[in-house]
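Enquirer: Okay, predicted coordinates and the sequence, questions at the end:
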Amino acid sequence: MKNILVIHGPNLNLLGEREPDIYGKVTLETINNNILAWAKKHELKVDIIQSNHEGEIVDIIGRANSTYAALLINPAAYTHTSVAIRDAISAVGIPTVEVHLSNIYAREEFRHTSLIAPVASGQVSGFGQHSYILGLEAILTIINK
Ligand code: DQA
């Protein structure tokens, strides 16, 4: 069975109450349950973590390639700032799909740049909680290649 790692970055633990006009009212727990249901349907094992700490995310990615076939990540605010997370993805060479609930290109200018996108296989942005499932479908095509 192939393992997939899902990482939720900072403040995504606050989904449901955080800026609902932008992110909707869905909670992280609901998103995670939908991810796990998708994984079961596709007979894949998915581990999910949420962290507000850049170094912790870097550590987890650094250990990931011995265990995981692919990484799905919503780097949240670190999308726009973290050379360290980008370098970790690049270093382990794990196929990575970047996802965002909101359309980062339709928001403030500082969100238009993703430091992660150039080292990811691709990016899904703007489909709310469905971005995660679209990202997982993309991962499926990557790991089955
Ligand atoms: C986000 C978009 C980021 O710009 C923001 O900092 C987030 C969430 C999204 O899922 O839309 O925290 O990654």
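Expert: Happy to help now that I have it.

Enquirer: Pull out the buried positions in stretch 128-140.
Expert: Neighbour counts over stretch 128-140 (16 or more other Cβ atoms under 10 Å) mark 129, 131-133, 135-136, 138-140 as buried. To be clear about C-beta, it is placed using only N, CA and C from the backbone, and glycine gets the same treatment.

Enquirer: got the buried residues for the worst-scoring helix or strand of the chain on mean pLDDT?
Expert: Lowest mean confidence among the helices and strands of the chain (mean pLDDT, DSSP states H and E): helix 20-23, at a mean of 95. For helix 20-23, the neighbour count (16+ other Cβ under 10 Å) marks Y23 as buried.

Enquirer: packing partners for that helix?
Expert: Helix 20-23 sits against no helix or strand, with contacts defined as 3 or more Cβ pairs under 8 Å, 6 or more residues apart in numbering; DSSP states H and E.

Enquirer: Can that helix be said to contact the ligand?
Expert: No - under the criterion of Cβ under 6 Å from any ligand atom, the ligand is not reached by helix 20-23; the shortest gap measures 6.6 Å.

Enquirer: swap in stretch 50-70?
Expert: No - judged by Cβ under 6 Å from any ligand atom, stretch 50-70 and the ligand are separated, with a smallest distance of 10.5 Å.

Enquirer: Now the terminal residues of that stretch, how far apart.
Expert: Using Cα to Cα, to the nearest Å, the span of stretch 50-70 from its first residue to its last is 17 Å.

Enquirer: Keep only the buried residues of stretch 128-140 that also lie close to the ligand.
Expert: With the criterion set as Cβ under 6 Å from any ligand atom, no member of the buried residues of stretch 128-140 is near the ligand.

Enquirer: For T79, which non-adjacent residue is closest in space?
Expert: Nearest residue to T79, sequence neighbours excluded (Cβ to Cβ, 6 or more residues apart in numbering): S114, at 4.9 Å.
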